[in-house]
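Q: sequence and predicted structure below; questions after.
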Amino acid sequence: MERVVITGIGLVTPNGIGTGESWKSIVEGQPGIAPITLFDASNYNSRIAGEVKSFDPLQFIEKKKIKEMARFVQLSMAASKLAVKDGHLELSDEDRETAGCFIGVGLGGLEGIEAMGRTLVEKGPSRISPYFIPSVIANLAAGQVSIALGLKGPSYCITSACSSSAHAIGEACEWIRRGRANLIVAGGSESTITGLGVGGFCAMFALSRRNDEPGRASRPFDKGRDGFVIGEGAGTLILESLTHAKKRGATIYAEITGYGATSDAHHLTQPAPEGAGAQRSMRMALADAKLDPSRIDYMNAHGTSTQQGDIQESRAIEHVFGDHAVSKKLWVSSTKSMMGHLLGGAGAVEAALCALAIAKGVVPPTINLDDQDPECRLDYVPNVARERRIDHAMSNSFGFGGTNCSLLLSRAP
């Protein structure tokens with residue numbers, strides 16, 4: 001069975017356009033959350049978000065192609081081209097025959113759906129753009145990236161709510177492990193900071209209303225948390241078989257050694273008691289990697305800053321890691337405290353941050369953790385990043401419908 005390694009990373013996040021800019025901001029604990037500018041949110045209960053600031057699609061996409069792409073596709077195109085550049089990837093015609101593209105997306109192009117809905121009501125069906133459907137459907141991030149890079153292997157979108165891009169990475173690994181592809185461009189993207197997106201989550205009472213303190217609104221594991229902050233962005237990883245990466249002399253960030261995926265089979269939006277589904281997902285990833293829980297040094301938690309979500313994830317970690325977690329040998333942090341929740345794009349961005357943490361020996365902090373919830377008993381690296389040799393790191397992603405995904409990354413071979 002082939003081993004799978006990460007050889008390129010591209011990030012477009014509320015903390016920066018580009019991997020270096022995003023990583024520097026996150027390690028420094030800088031919040032990327034601010035008042036919403038992408039639409040008029042003045043009448044909404046939650047008026048803050050993690051927007052990708054100053055994003056210019058023309059830096060990454062031909063002008064004539066932009067009309068074909070909703071914002072989530074544009075962000076994914078940018079992240080994917082940055083990952084290709086970072087990985088010094090030059091594909092031969094033979095490579096392209098089997099190279100694939102898996103981009104996970106949760107909701108797709110909501111802004112286009114809203115705009116064409118208004119057009120339909122105000123001007124009639126004859127004024128609907130022919131680019132409407134191809135621009136908003138979720139698989140067009142993978143489709144457009146495949147077209148741009150000439151990837152002729154498997155290309156599809158996994159949609160599993162906030163686990164979408166973590167599942168995309170996990171499934172890409174399975175293709176490479178089985179020897180059916182040598183290289184897959186994998187990741188996720190989301191851009192739903194729209195009237196419908198924010199309004200829908202407001203209706204569920206899911207979003208923080210700390211509008212006067214945007215940078216302090218996302219507070220995972222803190223007693224004062226009052227909901228998550230919606231974010232947008234994209235993360236793309238270049239995944240290769242170790243054989244292929246060595247053959248081309250690629251620099252390796254980390255190896256993906258474990259993948260777990262489960263369902264709570266419990267509730268539409270609430271996690272199972274004691275995070276039972278999350279426990280199974282983490283145990284599955286550990287078993288896949290053939291690693292004892294005591295070997296894991298760092299975990300990038302799902303950590304959304306919701307009341308029950310943070311508690312149940314913390315309990316799940318305790319159940320799986322036992323004294324290793326409770327004695328605070330396992331360091332846990334939530335980077336959503338800085339960028340908000342990127343929904344379908346979160347898993348890919350957070351897996352990338354785990355790879356960078358391993359490569360650079362730095363654990364990002366959980367900011368705004370001023371008064372830790374006593375029901376969340378672990379070491380969440382409050383407010384300031386720490387240095388540490390990291391041999392193994394786990395990234396958790398959980399979503400509506402009870403879907404769970406855990407990825408385990410290890411130091412490069």
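A: In hand now; what should we look at? Numbers count the residues shown, from 1 in each chain.
Q: tell me which element the most centrally placed residue in the chain is part of?
A: Residue closest to the mean C-alpha point of the chain, counted by CA atoms, centre = their mean, is A346 at 2.0 Å. In the assignment (DSSP states H and E), A346 maps to helix 346-360.
Q: could you point out the helix or strand that follows that helix?
A: Following helix 346-360 in sequence, per DSSP H and E, is strand 362-363.
Q: what average pLDDT does that following strand get?
A: Across strand 362-363, pLDDT averages out at 98.
Q: what helices or strands is it leaning on?
A: Applying 3 or more CB pairs under 8 Å, 6 or more residues apart in numbering; DSSP states H and E, one finds that strand 362-363 contacts strand 386-387. All C-beta spots, glycine's among them, are computed from the backbone N, C-alpha and C.
Q: give the pairing partners of the strand it packs on; include direction for each.
A: Next to strand 386-387 in the sheet, as set by DSSP bridges, lie strand 362-363 (antiparallel).
Q: if you skip the residues just before and after it, what's nearest to G195?
A: Leaving aside its sequence neighbours, G195 sits nearest to F39 (CB to CB, 6 or more residues apart in numbering; 5.5 Å).
Q: now do the contacts for the one you found.
A: Residues near F39 by CB atoms under 8 Å, 6 or more residues apart in numbering: I193, T194, G195, V198.
Q: quick one: it is in a strand?
A: No - using DSSP: H, G, I helix; E, B strand; the rest coil, the secondary structure at F39 is coil, not a strand.
Q: so which strand or helix has I256?
A: In this assignment (DSSP H and E), I256 forms part of strand 254-263.
Q: next SSE downstream of that strand?
A: Downstream of strand 254-263 (by DSSP H and E), the next one is helix 276-289.
Q: in that following helix, what counts as buried?
A: Buried residues in helix 276-289, counted by 16 or more other CB atoms under 10 Å: 276-286, 288-289.
Q: could you dump these into CSV and include distance to E255 and pLDDT?
A: Compiled in CSV, the buried residues of helix 276-289 are given as follows (distance: CB to CB, whole Å; pLDDT from 0 to 100):
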residue, distance to E255, pLDDT
A276, 29, 96
G277, 26, 97
A278, 23, 97
Q279, 24, 98
R280, 23, 98
S281, 19, 98
M282, 18, 98
R283, 20, 98
M284, 18, 98
A285, 13, 98
L286, 15, 98
D288, 12, 98
A289, 9, 98
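Q: max pairwise distance over these: which two?
A: Using CB to CB, those reach their maximum pairwise distance at A276 and A289, which is 21.0 Å.
Q: does G322 touch P293 like I think?
A: Yes - in this structure, G322 is within contact of P293 by CB atoms under 8 Å, at 6.8 Å.
Q: so which of those two has more stuff around it?
A: Neighbours per residue (other CB atoms under 10 Å) separate G322 from P293, with P293 holding more: 18 against 13.
Q: excluding its backbone neighbours, what's nearest that one?
A: Counting by CB to CB, 6+ apart, the residue nearest P293 is F321, at 4.6 Å.
Q: count the neighbours of L268 for me.
A: Neighbours of L268 using other CB under 10 Å come to 7.
Q: same question for G249.
A: Residues near G249, counting by other CB under 10 Å: 7.
Q: assign a three-state SS to it, would you?
A: Secondary structure, three-state DSSP: G249 is coil.
Q: how far away is it from S160?
A: Using CB to CB, to the nearest Å, we find G249 at a distance of 35 Å from S160.
Q: kindly report the same for S305.
A: Distance from S305 to S160, by CB to CB: 21 Å.
Q: looking at those two, which one has more neighbours?
A: Neighbours were counted for S305 and for S160 using other CB under 10 Å; S305 has more, 28 against 24.
Q: who are the neighbours in contact with the more buried one?
A: 208, 217-220, 222, 225-229, 334, 336-337, 341.
Q: what separation do you get for it and F400?
A: For S305, the distance to F400 - CB to CB - is 16 Å.
Q: kindly report the same for D264.
A: Taking CB to CB, one finds D264 at 10 Å from F400.
Q: more crowded one of the two?
A: Taking neighbours as other CB under 10 Å, D264 and F400 compare with D264 leading, 22 against 17.
Q: now for P214, how many residues are close by?
A: 21.
Q: and the pLDDT for the nearest residue to it once chain neighbours are set aside?
A: Sequence neighbours aside, I48 is the residue nearest to P214 in space, at 4.2 Å (criterion: CB to CB, 6+ apart). For I48, the pLDDT comes out at 98.
Q: mind listing what I48 touches?
A: I33, A34, P35, I36, S208, R210, N211, P214, A217, V229.
Q: among those residues, which one lies nearest to Y131?
A: Nearest to Y131 among those, counting by CB to CB, is I36 at 25.6 Å.
Q: if I look at the closest residue to P57 other than its chain neighbours, how far off is L196?
A: Nearest residue to P57, sequence neighbours excluded (CB to CB, 6+ apart): Q74, at 4.4 Å. Note on Q74: its distance to L196, by CB to CB, is 19 Å.
Q: so these two - more neighbours on which side?
A: Q74 (27 against 15).
Q: so for the more buried one, what's the pLDDT?
A: Predicted confidence (pLDDT) for Q74: 98.
Q: give me phi/psi at it?
A: Note on Q74: its backbone torsions stand at phi -60, psi -40 [degrees, to the nearest 10].
Q: thought it was touching F60?
A: Yes - contact criterion CB under 8 Å: Q74 and F60 qualify, at 7.4 Å.
Q: overlap in contacts, those two.
A: Counting by CB under 8 Å, 6+ apart, nothing touches both Q74 and F60.
Q: could you chop the protein up by domain?
A: 4-247, 259-411 (automatic domain parsing).
Q: where does pLDDT dip in the stretch 51-200 of the chain?
A: Counting by pLDDT under 70, the stretch 51-200 of the chain contains no low-confidence range.
Q: just the helices from it, written as ranges.
A: With helices called from DSSP state H, counting those that start in this stretch, the stretch 51-200 of the chain shows them at 63-66, 71-86, 93-98, 110-123, 132-136, 140-149, 164-177, 195-203.
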